[in-house]
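[1] Below: sequence and its predicted model.
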Amino acid sequence: MTVLPARTLAAVFAAALVLFLLILFPLAFALSLSPLPAQGFHARSVSGSIWSGHAAGAGFGSASLGDLRLSLSPLALLTGKARFRFAPEAEGAAPVGALEAARGAFSAEGVTAAIPMPPLVPGIAATLSLQDFSVAFADKVCRTASGAVSADVRMETSSMSLAGTATCADGRLLLPLTGRTPAGDASLFVHVAGDAGYTYEIKVAGAPDTDAGLLAAGFVREGGNLVLRGEGRLQ
């Protein structure tokens with residue numbers, strides 16, 4: 001029988017101990033040490049290990065993500081990054097994707113999700129749907145963005161469905177969404193800055209002068225369009 005040298009045995013036991021500790025390392029503690037909470041990620045409760053954890057009532061800023069399964073990539077930690085993959089508790093549903101944070105940088109990768117947004121103004125609500133959406137910020141500047149984005153905007157008197165493709169413009173994430181409504185062409189342009197501040201503009205072209213519902217909701221008439229602008233923060 002071959003007897004391993006003491007130094008080799010020590011190395012094997014050390015590696016096994018490190019692996020054992022990684023398997024049992026609490027996800028809640030790992031999450032608290034990562035930059036993600038400062039970027040806006042939060043949860044009502046977090047349980048499990050970094051390999052197989054759960055986040056109840058998760059969200060990013062003011063957007064709700066629901067109950068998620070979470071896992072942390074140990075390999076990303078070696079490069080100074082905290083990379084979390086997330087998926088819903090129910091198999092085959094959304095949201096799914098990954099969030100990665102490091103000093104001065106944040107990215108979301110391959111995100112597919114339907115996210116209820118906070119009311120833009122009283123009486124107007126929207127659900128944002130992302131399909132294979134990715135965005136990367138470095139030093140609070142949008143570097144890359146891609147993926148299909150759509151919005152279902154609901155008002156007291158009407159609704160509109162808009163769609164477009166994510167991109168970066170002037171250092172900010174731009175969601176340029178357009179579509180048709182019974183009143184005419186419509187658009188929703190959302191700009192998101194690296195500090196989580198955002199601005200939006202909803203424009204409905206060719207809306208009839210009698211559309212008191214949009215005017216009551218805060219739209220103003222600019223030429224032949226009804227326009228609503230606003231701003232807020234994602235966290």
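    Ah, there it is.

[2] Would you mind listing the buried residues in the lengthiest strand in the chain?
    Scanning the chain for the strand with the most residues, using DSSP state E, yields strand 105-121. Residues of strand 105-121 classed as buried by neighbour count (16 or more other CB atoms under 10 Å): 105-109, 111-113, 115, 117, 120. C-beta: built from backbone N, CA, C; applies to glycine.

[3] Toward the C-terminus, what is the element adjacent to the lowest-mean-pLDDT helix or strand in the chain?
    One helix or strand of the chain scores below all others by mean pLDDT, DSSP states H and E: helix 6-24, with a mean of 46. Scanning forward in sequence from helix 6-24 by DSSP states H and E, the next helix or strand is helix 27-33.

[4] which residues touch the residue nearest to the spatial centre of the chain?
    Centroid-nearest residue in the chain: Phe60, 6.1 Å away (criterion: CA atoms, centre = their mean). For Phe60, the contact set (CB atoms under 8 Å, 6 or more residues apart in numbering) comprises 40-42, 99, 234-235.

[5] that older thread, neighbouring strands for the helix or strand following the longest strand of the chain, and are they parallel or not?
    Counting by DSSP H and E, the next helix or strand C-terminal to strand 105-121 is strand 124-138. Using DSSP bridges, the strands paired with strand 124-138 are strand 105-121 (antiparallel), strand 141-155 (antiparallel).

[6] Work out the gap between the longest one and the centre of the chain.
    Taking the mean of its C-alpha atoms, strand 105-121 sits 3 Å from the chain's own mean (CA atoms, centre = their mean, to the nearest Å).
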